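S.K.: Have a look at this fold, sequence not included:
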């Protein structure tokens, strides 16, 4: 038997798919090279060299896997998705290193992984000093990673020649995956069109209300992807514009919604959109938390309509940013100590399944609440059967067991990771908050890693550890950890 099949995994097929995906990344690098040439920046060579390396890697993978069977299994799908994110990050950090805009490999990898996983944590102390082409690439890593490298590629590239259901399943989060189109490729195309449409609309609105075209595009890439990288050191607060803040709030909220629902909405299935339990729970949590936070930070000694309006907008911006794991900020919320627990709670919860947001996901929290409620009823009525329902459909025990396992694993990894970061040199507050932030793909943490700070000063070990944690969180833990188990590699 061929060595490449000796362990039951088709490595040639894996190489061909990854090679095709890397060719897509090389295209984005070339786009940035053209941009650098247009702006007459020295980084044009950084991007051209990076493009050439990515092109060679991509073509090598495609040629290595040519004339190979196209059937892909679960293990190949998991291996492709995890490997792609790692390879994209290693290649994506090259422009930073070659152009010396980022000093070390650890910093460059951290910045790139943070970009692709839409975490938004940064080691750059002064982004306004960076070249435009570097900031464009930085924002593009968000945009590519937001909907997912695999989903975008499945929509654009037909060179695979196989059904990509295993890739789609490994990439897209969700307990109950909505199938909006019979073929996975068609579904990916529709999600991508919605994603691109929102990006264009937001860019136009931000430009119309005062941002430059460059800032509008980069911040739209960062918002709709739930990323948070901004072109200004003080994030969205730089513009001091309520209109811009409201636009960002609206599109951060949109980014945290299951994108399949927008397809139904555009098809005229309005009832299906508004009757979705996860959507309603998501909006209730966000608005309810924003109101409570507003009351905790409002100065009741100087009440006025202007003060109430500003306070609520700042609270809603912060809550929507943390809950959708975007990480942008309009004000420094690190001093809101009375609301710290609520902000940490919505950070844990995150956005909806099949959105660009991270965190535990609203659907998991909702189903855990339902499960606990029915368990209480079961105690009172031991002979009765109380299945958990979601959107009118019964959730079987296998799904619920996996859901509860995921929540428990999320908490365990958060605690263990915090301890490791503490041993690595971070303080107590920074260890816990940065671990949660990385695993939930949020970005800003607490203490000296809060919204007005960055991660440049943390130990090198912590940068590498948090970089991998971002990947584990972005691919929803199981996808990455399965590769580390011996059973994954057995024939």
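M.R.: Received, thanks. Note that the structure is predicted; figures quoted are calculated from it, not measured.
S.K.: Nearest residue to residue 22 in space, please, no chain neighbours.
M.R.: Counting by Cβ to Cβ, 6 or more residues apart in numbering, the nearest residue to residue 22 once its immediate chain neighbours are dropped is residue 58, at 3.6 Å. Glycine gets a C-beta too; all of them are placed from N, C-alpha and C.
S.K.: buried set for whichever helix or strand that neighbour is part of?
M.R.: Assigned by DSSP states H and E, residue 58 belongs to helix 44-64. Neighbour-count burial for helix 44-64, counted by 16 or more other Cβ atoms under 10 Å, picks out 44, 46-51, 53-55, 57-58, 61-62, 64.
S.K.: Student question: in the protein, what's the helix or strand with minimum average pLDDT?
M.R.: Here the helix or strand of the chain ranked lowest by mean pLDDT, DSSP states H and E is helix 165-171, holding a mean of 54.
S.K.: wait, doesn't residue 338 sit right on residue 295?
M.R.: No. Applying Cβ atoms under 8 Å, one finds residue 338 not in contact with residue 295, separated by 9.6 Å.
S.K.: who's more crowded, those two?
M.R.: It is residue 295, of residue 338 and residue 295, that has more neighbours when counted by other Cβ atoms under 10 Å, with 14 against 11.
S.K.: where's that one relative to residue 311, distance?
M.R.: Taking Cβ to Cβ, to the nearest Å as the measure, residue 295 falls 9 Å from residue 311.
S.K.: What does the residue nearest in space to the middle of the chain show for phi and psi?
M.R.: What sits nearest the mean C-alpha location of the chain, by Cα atoms, centre = their mean, is residue 118, with 3.9 Å. Phi and psi for residue 118, reported as degrees, to the nearest 10, are phi 60, psi 30.
S.K.: try the one 5 residues further on
M.R.: Reported as degrees, to the nearest 10, the phi and psi values for residue 123 are phi -110, psi 0.
S.K.: In contact with it, which residues?
M.R.: Each residue near residue 123 by Cβ atoms under 8 Å, 6 or more residues apart in numbering is listed here: 102, 107, 110-111, 454-456, 463.
S.K.: out of these, which are buried?
M.R.: 102, 107, 110-111, 454-455, 463.
S.K.: Now go through the residues you listed and say which are in helices.
M.R.: Using DSSP state H to define helices, the subset of the buried ones among the contacts of residue 123 located there is 107, 110-111, 463.
S.K.: What is the nearest of those residues to residue 36?
M.R.: For these, the closest approach to residue 36 (Cβ to Cβ) belongs to residue 111, at 17.7 Å.
S.K.: My understanding was that the closest one contacts residue 138; is that so?
M.R.: Yes. The criterion here is Cβ under 8 Å, and residue 111 meets it with residue 138 at 7.3 Å.
S.K.: May I have the phi/psi pair for residue 355?
M.R.: The phi/psi pair for residue 355 (degrees, to the nearest 10) is phi -110, psi -180.
S.K.: And for it, the neighbour number?
M.R.: For residue 355, the count of nearby residues is 29 (other Cβ under 10 Å).
S.K.: Quick check: closest non-adjacent residue to it.
M.R.: Closest residue to residue 355 apart from its sequence neighbours, by Cβ to Cβ, 6+ apart: residue 256 at 5.1 Å.
S.K.: From residue 110, how far out is the one you found?
M.R.: With distances taken as Cβ to Cβ, residue 256 is found 24 Å from residue 110.
S.K.: quick one, phi/psi of residue 389?
M.R.: phi -110, psi 140.
S.K.: burial count for the nearest residue to it once chain neighbours are set aside?
M.R.: The shortest distance from residue 389 to any residue other than its chain neighbours is 7.0 Å, reached at residue 395 (Cβ to Cβ, 6+ apart). Neighbours of residue 395 under the rule other Cβ under 10 Å: 18.
S.K.: beta partners for residue 395?
M.R.: For residue 395, the beta-bridge partners are residue 388 (DSSP bridges).
S.K.: And the pLDDT for it?
M.R.: Residue 395 carries a pLDDT score of 82 in this model.
S.K.: What separation is there between it and residue 351?
M.R.: The gap separating residue 395 from residue 351 is 20 Å, by Cβ to Cβ.
S.K.: what about the closest residue to residue 49 other than its chain neighbours, distance to residue 51?
M.R.: Once flanking residues are discounted, residue 49 sits nearest to residue 98: 5.6 Å by Cβ to Cβ, 6+ apart. Distance, residue 98 to residue 51, by Cβ to Cβ: 11 Å.
S.K.: What of residue 419?
M.R.: Plainly put, residue 419 is 41 Å away from residue 51 if you go by Cβ to Cβ.
S.K.: now swap in residue 404 and tell me
M.R.: Distance of residue 404 to residue 51, given as Cβ to Cβ: 46 Å.
S.K.: Same question for residue 8.
M.R.: Applying Cβ to Cβ, the value for residue 8 to residue 51 is 35 Å.
S.K.: same thing with residue 441?
M.R.: For residue 441 relative to residue 51 (Cβ to Cβ), the value is 27 Å.
S.K.: ditto for residue 29
M.R.: Distance, residue 29 to residue 51, by Cβ to Cβ: 4 Å.
S.K.: what do you get for residue 218?
M.R.: 20 Å.
S.K.: Is residue 211 in a helix, a strand, or coil?
M.R.: coil (DSSP: H, G, I helix; E, B strand; the rest coil).
S.K.: ah, wrong one, I meant residue 226
M.R.: coil.
S.K.: just the one 5 residues further on next, same as before
M.R.: Look at residue 231: counting by three-state DSSP, its state is coil.
S.K.: Now it, what are its backbone angles?
M.R.: Here residue 231 shows phi and psi, under degrees, to the nearest 10, equal to phi -90, psi 0.
S.K.: Burial check on it, number of neighbours?
M.R.: Residues contacting residue 231 under the criterion other Cβ under 10 Å number 23.
S.K.: For it, give me the pLDDT.
M.R.: At residue 231, pLDDT is 94.
S.K.: Next one: residue 339 from residue 289, what distance?
M.R.: From residue 339 to residue 289 the distance is 9 Å (Cβ to Cβ).
S.K.: Brilliant, that's me finished.
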